[in-house]
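> using only what follows, build the 3D model:
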Amino acid sequence: MQRPEIGANRPNPVEYGRRVAPGLSINLLVSHVVASAEFQAAVFGAEIRYWEEHFAIMHAVGSTWLLHSDWSYRAHAFRSSIVGVQARGAGVELRLNGVDPDRAEAQARTRGALVLSPAMNQAHGQREVHIADADGYVWVPSVALVASA
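Below is the predicted model of the structure:
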């Protein structure tokens with residue numbers, strides 16, 4: 001899939017915000033938006049719908065999430081707690097159900113990412129791999145195991 005040029009086709013923020021569906025949405029604070037978007041596209045097959053230096057819209061297997069740089073928190077009182085955090089993603093596990101864990105593991109390894117556990121079949125009926133990104137978020141691409149006859 002061809003990625004859009006950085007900054008191309010910027011969505012209107014007000015219109016985009018009005019179209020957000022009710023329910024849980026995920027915004028990840030990352031140290032480098034472009035690097036994070038490229039990693040997620042290469043390793044998980046995510047589509048970069050829009051990206052720029054401080055913001056990106058990502059999409060994979062029916063889910064959309066946003067990446068924001070620390071700059072996004074420039075006016076928040078919480079900013080001093082975010083900037084310089086060594087393991088900002090610690091304790092956050094992001095599951096991408098429907099993404100091939102074997103392919104994701106191979107791509108992660110070629111990029112030098114930390115593979116916490118290799119792709120393997122799990123007792124809960126999934127084949128999954130645990131991959132930590134540069135910000136410490138743990139991504140778990142997984143597919144359902146085929147039932148045996």
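
> now do the helices in the chain.
13-19, 33-44, 79-82, 101-110 (DSSP state H).

> could you dump the ones you listed into JSON lines and include mean neighbour count?
Using the backbone N, CA and C atoms, a C-beta is placed for each residue, glycine as well. JSON lines is the format used below for those (neighbours: other Cβ atoms under 10 Å):
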{"stretch": "helix 13-19", "mean neighbour count": "9"}
{"stretch": "helix 33-44", "mean neighbour count": "21"}
{"stretch": "helix 79-82", "mean neighbour count": "12"}
{"stretch": "helix 101-110", "mean neighbour count": "18"}
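
> can you flag the weakest of those by average pLDDT?
Ranked on mean pLDDT, the bottom entry among those is helix 79-82, at a mean of 55.

> hang on, the earlier thing: out of the helices of the chain, which is closest to residue 3?
Of all the helices of the chain, helix 33-44 sits nearest to residue 3, with 6.7 Å by Cβ to Cβ.

> between helix 101-110 and the closest one, find me the angle.
Per axes from the mean of the first three to the mean of the last three Cα atoms, to 10 degrees, the angle that helix 33-44 makes with helix 101-110 is 140 degrees.

> ok, residues contacting helix 33-44?
Residues outside helix 33-44 that contact it (Cβ atoms under 8 Å, 6 or more residues apart in numbering): 3, 6, 28, 30, 46-48, 51-56, 58, 60, 67-69, 96, 99, 104, 107-108, 111, 113, 131, 133-135, 139, 141.

> ok now it, how far from the chain's centre?
Distance of helix 33-44 from its chain centroid, counting by Cα atoms, centre = their mean, to the nearest Å, is 7 Å.

> next one: stretch 44-61
On the basis of Cα atoms, centre = their mean, stretch 44-61 sits 8 Å off its chain's mean C-alpha point.

> counting neighbours, what do you get for residue 96?
Residue 96 has 24 neighbouring residues, counting by other Cβ atoms under 10 Å.

> nearest residue to it other than its sequence neighbours?
residue 141 (4.7 Å; Cβ to Cβ, 6 or more residues apart in numbering).
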